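J.: Could you work out the structure for the sequence below:
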Amino acid sequence: MTTFVLVHGAYQGGWIWHRVAQRLQQAGHVVHAPTLDGCAERKASLRAGITTETHGDEIAQFLHYHDLKNVVLVGTSSGGMVMAAAAERAPERIARLVFADALALLDGEKIRDIVTRPAAINTDLGLGPSREDAEQRLLVDLDESTRRWTSERFTLHPTAVFHQPVSLPRFWDMPWNASVLYCSQAANPGEAHIRRTCEKLNGRWHVLDTGHYPMLSMPDELTGIILEG
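T.: Coordinates of the predicted model:
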């Protein structure tokens with residue numbers, strides 16, 4: 001039995017992992033898929049001051065208070081940055097990291113260095129796609145039912161996560177057991193960025209021929225990668 005903590009990305013919540021979490025649980029594992037501060041069902045807490053670092057600390061504290069050990073952390077999209085920040089804070093609790101088509105920024109980089117297309121909705125506190133933009137661009141590879149179900153749950157993501165450089169002074173110099181997944185139909189983060197992650201972590205390389213949401217489009221295949229020892 002393994003303990004998995006699944007970290008969602010921008011515009012999402014823990015709900016994005018439903019299909020994968022169900023498969024992991026059916027295989028007898030313990031699965032947590034927390035929703036980060038200011039996101040999804042916690043959108044009422046969206047405010048200034050939420051950053052990659054506060055999200056990373058939130059996950060590290062989650063590991064501490066639940067006394068989770070030998071954890072496999074899985075991050076997707078901007079959740080890759082959160083996962084790195086959490087792992088840097090609690091390395092003694094981490095067995096393996098899985099970057100699922102995830103952003104993995106170096107110290108001082110920011111999302112807008114990698115993903116430059118502007119969001120349809122921008123406020124002082126959050127940004128994100130309109131429902132139309134989500135369905136016609138971000139989720140276009142999903143079947144119609146899944147695309148609608150997902151777009152109904154998208155929420156704004158804290159603005160600072162996109163515009164503030166990350167602080168990861170130790171992560172990239174620490175030894176990690178890592179798996180790295182590239183989704184070949186996804187425009188962002190892109191193959192070059194994800195290969196850099198794999199090379200710097202000396203990780204195991206995987207490719208799925210799907211878009212940026214493999215937990216929705218290919219949950220069986222993604223679950224298999226996550227379960228890899």
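J.: Which stretches in this structure count as helices?
T.: 18-26, 52-65, 79-89, 111-114, 131-133, 144-151, 159-163, 191-201, 214-217, 219-227 (DSSP state H).
J.: Quick one, which of those helices gets closest to A10.
T.: helix 159-163 (7.1 Å; C-beta to C-beta). Quick note: C-beta positions are derived from backbone N, CA and C, even for glycine.
J.: Show me what the longest strand seen in the chain is packed against.
T.: If you go by DSSP state E, the chain has its longest strand at strand 94-102. The elements that strand 94-102 packs onto, with contact taken as 3 or more C-beta pairs under 8 Å, 6 or more residues apart in numbering; DSSP states H and E, are strand 71-77, helix 79-89, strand 178-183, helix 191-201, helix 214-217, helix 219-227.
J.: pLDDT of the second one, averaged?
T.: So that's helix 79-89. Mean per-residue pLDDT for helix 79-89: 98.
J.: just the shortest one next, same as before
T.: The average pLDDT for helix 214-217 rounds to 98.
J.: Look up how far V180 lies from W15.
T.: Counting by C-beta to C-beta, to the nearest Å, the gap between W15 and V180 amounts to 24 Å.
J.: Kindly apply the preceding question to D37 instead.
T.: 26 Å.
J.: Between the two, tell me which one has more neighbours.
T.: Higher neighbour count among D37 and V180: V180, with 27 against 18, using other C-beta atoms under 10 Å.
J.: Does R153 touch G14 like I think?
T.: No: with contact defined as C-beta atoms under 8 Å, R153 does not reach G14; the gap is 10.6 Å.
J.: So between these two, which is more surrounded?
T.: Taking neighbours as other C-beta under 10 Å, R153 and G14 compare with G14 leading, 19 against 14.
J.: how close does that one get to P169?
T.: 28 Å.
J.: cool, and Q185?
T.: Distance from Q185 to P169, by C-beta to C-beta: 34 Å.
J.: for K110, same thing?
T.: Distance, K110 to P169, by C-beta to C-beta: 15 Å.
J.: and those two? which has more neighbours close in?
T.: K110 (18 against 9).
J.: Near the residue lying closest to T150 once chain neighbours are set aside, how many other residues are there?
T.: Distance criterion C-beta to C-beta, 6 or more residues apart in numbering; nearest residue to T150, sequence neighbours excluded, is L139 at 5.6 Å. By other C-beta under 10 Å, 25 other residues sit near L139.
J.: my read: L139 touches W149, true?
T.: No: look at L139 against W149 with C-beta under 8 Å: they stay out of range, at 9.7 Å.
J.: What ranges in this structure fall below the confidence cut-off?
T.: Scanning the chain for pLDDT under 70 picks out 229.
J.: can you do 90?
T.: Residues of the chain meeting the criterion pLDDT under 90: 116-118, 228-229.
J.: OK, contacts around L168?
T.: When contacts are counted by C-beta atoms under 8 Å, 6 or more residues apart in numbering, L168 touches 84-85, 88, 105-107.
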